[in-house]
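Participant: Next come a sequence and a model predicted from it.
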Amino acid sequence: MNRIMKLCISSLMSILCVCCFWGCKKGDDPEFVRQRVKRRTDIDIPENTEIIYCFYESHFQSYTQYACFKFEETPLELLENNSFTEGRNQEFETDFNDSFDHWLIDSVPDEYRAIFDESYSCVKKGTTFLMFHPNTLILTVYITGL
């Protein structure tokens, strides 16, 4: 009986670890990403935008989400209604780079990383960073923490 109990406990712990380390695949689902952004920032990402890159990593009770949305034209209403500031923002850049974990650098391809040398508009809401590049029409959303 003792051996069966240990086997059951070991199996349950293995399942729990798999769920904690890899999280739920919902993190890559476009609708789930939009809902998470809405829940964290109260910003609606239009449904007609395409998610061109999405990375999701979960560790125990926290997660990191990094997603890039491609627009067909500049979303003036989204930018104006959500307090995006245009131009370089040193505080935003420092906070973004400080929280951009070393392991995440290896996970996000160069073409989807935030570019601070080019024109951009940005807003930070809690631990969520949003950055729009007018040259590429890409909105980068970086969610850290719980």
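Facilitator: Nice, thanks for sending it over.
Participant: Show me the helices in the protein, by range?
Facilitator: Under the criterion DSSP state H, the chain contains helices at 2-22, 30-41, 76-81, 90-99, 102-107.
Participant: hey, least reliable of these by pLDDT?
Facilitator: Ranked by mean pLDDT, the helices of the chain end with helix 2-22 at the bottom, a mean of 53.
Participant: what's the span of stretch 119-133, first residue to last?
Facilitator: Counting by C-alpha to C-alpha, to the nearest Å, you get 6 Å between the two ends of stretch 119-133.
Participant: Residue 45 contacts residue 36, doesn't it?
Facilitator: No. Under the criterion of C-beta atoms under 8 Å, residue 45 is not in contact with residue 36, lying 9.9 Å apart. Heads up, the C-betas are built off the backbone N, CA and C, glycines and all.
Participant: In the sheet, which residues pair with the residue lying closest to residue 92 once chain neighbours are set aside? Tell me.
Facilitator: Distances taken as C-beta to C-beta, 6 or more residues apart in numbering put residue 122 closest to residue 92, at 4.9 Å, once the chain neighbours are dropped. Beta-bridge partners for residue 122, by DSSP bridges, are residue 85, residue 131.
Participant: contacting residues for residue 122?
Facilitator: 84, 85, 89, 92, 129, 130, 131, 132 (C-beta atoms under 8 Å, 6 or more residues apart in numbering).
Participant: could these be laid out in JSON lines, adding neighbour count?
Facilitator: Formatted as JSON lines, these follow (neighbours: other C-beta atoms under 10 Å):
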{"residue": "84", "neighbour count": "20"}
{"residue": "85", "neighbour count": "13"}
{"residue": "89", "neighbour count": "19"}
{"residue": "92", "neighbour count": "19"}
{"residue": "129", "neighbour count": "23"}
{"residue": "130", "neighbour count": "25"}
{"residue": "131", "neighbour count": "23"}
{"residue": "132", "neighbour count": "23"}
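Participant: Nearest to residue 115 among those residues?
Facilitator: residue 131 (8.8 Å; C-beta to C-beta).
Participant: wait, the closest one sits on residue 114?
Facilitator: Yes. Residue 131 is in contact with residue 114 according to C-beta under 8 Å; the separation is 5.4 Å.
Participant: hey, what's in contact with both of these two?
Facilitator: Going by C-beta under 8 Å, 6+ apart, residues that sit against residue 131 and also against residue 114 are 96, 120, 140, 142.
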